[in-house]
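[1] Need coordinates for the below:
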Amino acid sequence: MEQVISLIQAAVVFGTVIMFGCLGEIISEKAGNLNLGVPGIMYIGGIASLAAVFKYENAVAEPNKFLCVVIALAACFAASALAGLVYSFITITLRANQNVTGLTLTIFGSGLANFFGGSLNKMAGGVGQISVAATSEAFRSKIPGLSGAGVFGEIFFSYGFMVYVAIILAVVIRIFLKKTRTGLNLRAVGENPSTADAAGIKVTKYKYFATVIGAGISGFGGVFYVMDYIKGTWANDGTIEKLGWLAVALVIFATWKSLNAIWGAYLFGILYWAYFYIPNLTRASQELFKMIPYVVTIIVLLVTSFRKKKENQAPAHLGLPYFREDR
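    Model (predicted):
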């Protein structure tokens, strides 16, 4: 039973990282923007939050934990949204290829983050020495009382607040896209921008809005990884990039529905970490287990393609530039 609980806990924490990336990308793709720069944006969000709170914690004798959280989230969102703005300008205003721009953003984000991560490590006294303990503790604080309520508490309430923020955010995005005029207009832009333009919807405005806000949300995956997953330090082992690509895969697995991203993210976490709880596995077998989330995503993509249900398909204008003159 302890192994089952441990696997669920690992899956939830792991899944939360990719859920943030997925939710941000869903908003972006619903407006027709295929942003493959999610891994780079998560890198940028993670290093921005770490640098900001590192400076704050080293400037005061007793850091305020609430302020630490606010600084980390604000720095993360601002830096990630700025990356989304750059992507938007290149792909929407300049009409550059979205795939190439997104991949370039991923390479740029990882290089930038690891450069500043190395600089912070040197400032802290050497590799692996950087630590923002107060901020990390605030992010990992469990719900008092409920986390100790037996097996139920260990499964549902033994996590930091960002786990629950991700779930609430998924519900809010669902309501926003399905029930609000702004959300419906955004979806119309992703399906048929020329028709939306003819109806008086400002296509460029909605595309910028979706991509910038989506990038800001995706960046939260980076801050959660840094502050909760690896406990307030920096590691340039490429894990954030791997998780970023899993987040992109999760968008397809969830069939562009934010509520599906919740259980999909946790399922990815279980599939990814299952090998750790199976005895006598070889190194090669462990690597095969880590491939399972991607294999499942391919299967889902094939099934949805053959069934051709409209509600399970990608937005019709996804990845395509919009030229108003072509209307």
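[2] The helix or strand of the chain with the lowest mean pLDDT: which residues count as buried?
    Counting by mean pLDDT, DSSP states H and E, the chain has its least confident helix or strand at helix 150-156, which shows a mean of 73. In terms of neighbour count (16 or more other CB atoms under 10 Å), helix 150-156 has its buried residues at 154, 156. Yep, even glycine has a C-beta here, placed from its N, CA and C like the rest.
[3] And the pLDDT for Thr91?
    Per-residue confidence (pLDDT) for Thr91: 95.
[4] Can you report how many residues neighbour it?
    A count of nearby residues for Thr91, using other CB atoms under 10 Å, gives 25.
[5] Kindly report the same for the one 10 residues further on.
    Other residues near Thr101 come to 22 when the count uses other CB under 10 Å.
[6] Next one: it from Val69, what distance?
    Shown here: Thr101 relative to Val69, a distance of 32 Å by CB to CB, to the nearest Å.
[7] Could you list the low-confidence segments of this protein?
    By pLDDT under 70, the low-scoring segments of the chain are 124-129, 145-149, 307-308, 325-327.
[8] Tell me where it has strands.
    When assigned using DSSP state E, the chain turns out to have no strands.
[9] Tell me which stretches of it form helices.
    Counting by DSSP state H, residue ranges of the helices within the chain are 2-30, 38-59, 65-88, 98-124, 133-140, 150-156, 161-179, 181-191, 193-198, 203-224, 239-253, 258-273, 283-307.
[10] Take the ones you listed and write them to a markdown table, including distance to Leu320.
    Rendered in a markdown table, the data for these read as follows (distance: least, CB to CB, whole Å):
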| stretch | distance to Leu320 |
| --- | --- |
| helix 2-30 | 12 |
| helix 38-59 | 19 |
| helix 65-88 | 15 |
| helix 98-124 | 8 |
| helix 133-140 | 39 |
| helix 150-156 | 42 |
| helix 161-179 | 20 |
| helix 181-191 | 10 |
| helix 193-198 | 9 |
| helix 203-224 | 11 |
| helix 239-253 | 17 |
| helix 258-273 | 23 |
| helix 283-307 | 18 |
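[11] how about those, which one is nearest Leu318?
    Nearest to Leu318 among the helices of the chain is helix 2-30 (5.7 Å), distances taken as CB to CB.
[12] mind listing what's buried in that closest one?
    By neighbour count on 16+ other CB under 10 Å, the buried set for helix 2-30 is 7-30.
[13] That helix vs helix 38-59, what angle?
    Computed by axes from the mean of the first three to the mean of the last three CA atoms, to 10 degrees, the angle separating helix 2-30 from helix 38-59 equals 110 degrees.
[14] on contacts alone, who are the packing partners of helix 2-30?
    Applying 3 or more CB pairs under 8 Å, 6 or more residues apart in numbering; DSSP states H and E, one finds that helix 2-30 makes contact with helix 38-59, helix 150-156, helix 161-179, helix 181-191, helix 203-224, helix 239-253, helix 258-273.
[15] Let's see that with 6 Å instead.
    Taking 3 or more CB pairs under 6 Å, 6 or more residues apart in numbering; DSSP states H and E as contact, the helices and strands that helix 2-30 lies on are helix 38-59, helix 161-179, helix 181-191, helix 203-224, helix 239-253, helix 258-273.
[16] orientation of that helix relative to helix 258-273 in degrees?
    What separates the directions of helix 2-30 and helix 258-273 is an angle of 140 degrees, with the same axes, to 10 degrees.
[17] could you give the angle of helix 2-30 to helix 283-307?
    Helix 2-30 and helix 283-307 meet at an angle of 40 degrees, taking the same axes, to 10 degrees as the criterion.
[18] which residue packs closest to Phe77, ignoring adjacent ones?
    The shortest distance from Phe77 to any residue other than its chain neighbours is 4.4 Å, reached at Gly216 (CB to CB, 6 or more residues apart in numbering).
[19] Return the distance of that neighbour relative to Arg187.
    When Gly216 is compared with Arg187 (using CB to CB), they lie 19 Å apart.
[20] out of the two, which sits in the busier spot?
    Gly216 (24 against 19).
[21] which residues touch that one?
    Neighbouring residues of Gly216 by CB atoms under 6 Å, 6 or more residues apart in numbering: 77, 80-81.
[22] sorry, back to before: for the least confident helix or strand of the chain, name the packing helices and strands.
    Helix 150-156 packs on no helix or strand, going by 3+ CB pairs under 6 Å, 6+ apart.
[23] for that helix, the distance to its chain's centre please.
    Here helix 150-156 shows a centroid-to-chain-centroid distance of 26 Å under the convention CA atoms, centre = their mean, to the nearest Å.
[24] next one: stretch 214-222
    Averaging C-alpha positions (CA atoms, centre = their mean) puts stretch 214-222 5 Å from its chain's average.
[25] try stretch 90-104
    In this view, stretch 90-104 has its centroid 20 Å away from the chain centroid, taken as CA atoms, centre = their mean.
[26] So what touches it?
    For stretch 90-104, using CB under 6 Å, 6+ apart, the contacting residues are 34-37, 87, 207, 319, 321.
[27] Number of residues surrounding the closest residue to Gly15 other than its chain neighbours?
    Distances taken as CB to CB, 6+ apart place Ala265 nearest to Gly15, at 3.4 Å, with adjacent residues excluded. In terms of burial, Ala265 registers 30 neighbours under the definition other CB under 10 Å.
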